[in-house]
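In: Next comes the sequence, and after it the predicted model I'd like to discuss.
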Amino acid sequence: MENNRDEVFSRRVRAGKRTYFVDVRSTRSGHDYYLTITESKRSAEGEEKEKFKIFLYKEDFEKFRAALNEALDFVYQELAKINALPRQRENYIEEN
C-alpha cells in the first residue's frame with residue numbers, strides 16, 4: 001500500500017439531504033483495520049457540506065454491532081406494532 005491509511009473498502013448510503021459513508025481503512029502499519037462512518041449533509045444554504053465522522057476500532061466492532069442490531073430490532077418491533085415498517089424491511093420479513 002502506498003499510503004498506510006488507504007481506504008480499502010467503502011459503501012455510500014444516500015438518504016435525502018444526507019449521505020453516509022462507511023469506510024474500512026488500514027492502520028499506519030498496514031496490518032490492521034478500523035472503520036470510519038461519515039455523515040455528510042448540505043447546509044441550510046445548500047452549498048456547503050457539513051461532515052461528522054465516527055472512528056470505530058476493532059476492539060469495539062462486536063459491541064457496536066450488538067448495540068446497533070439491538071436498536072434496529074427494537075425499532076422494527078415498534079414500527080411493526082403500528083404497521084409502519086419501511087418497505088425494504090417488510091420485503092425482508094416476507095422472504096425469511
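Out: Yes, it's here.

In: switch to C-alpha atoms for all contacts and neighbour counts from now on
Out: Will do.

In: Run through the bridge partners of Arg18.
Out: With DSSP bridges as the criterion, Arg18 is bridged to Ala15, Lys41.

In: any idea how far Glu7 is from it?
Out: To Glu7, Arg18 is 21 Å away according to CA to CA, to the nearest Å.

In: Run through the protein and note the low-pLDDT ranges.
Out: 1-5, 46, 89-96 (pLDDT under 70).

In: Which residue ranges of it form strands?
Out: Ranges of strands in the chain, per DSSP state E, are 7-15, 18-26, 33-42, 49-57.

In: Tell me which of those approaches Tyr76 most closely.
Out: strand 7-15 (18.4 Å; CA to CA).

In: And the contacts of that closest one?
Out: 19-26 (CA atoms under 8 Å, 6 or more residues apart in numbering).

In: ok, now stretch 60-75?
Out: Outside stretch 60-75, not a single residue reaches it (CA under 8 Å, 6+ apart).

In: Can you give me every residue that contacts Lys49?
Out: Contacts of Lys49 (CA under 8 Å, 6+ apart): 40-43.

In: same thing with Leu79?
Out: Counted by CA under 8 Å, 6+ apart, Leu79 has contacts Leu85.

In: Distance check, it against Val13.
Out: 22 Å.

In: thinking again about what came up before, can you list the strands of the chain in a markdown table and add distance to Gln88?
Out: Below are the strands of the chain laid out as a markdown table (distance: least, CA to CA, whole Å):
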| stretch | distance to Gln88 |
| --- | --- |
| strand 7-15 | 14 |
| strand 18-26 | 18 |
| strand 33-42 | 22 |
| strand 49-57 | 26 |
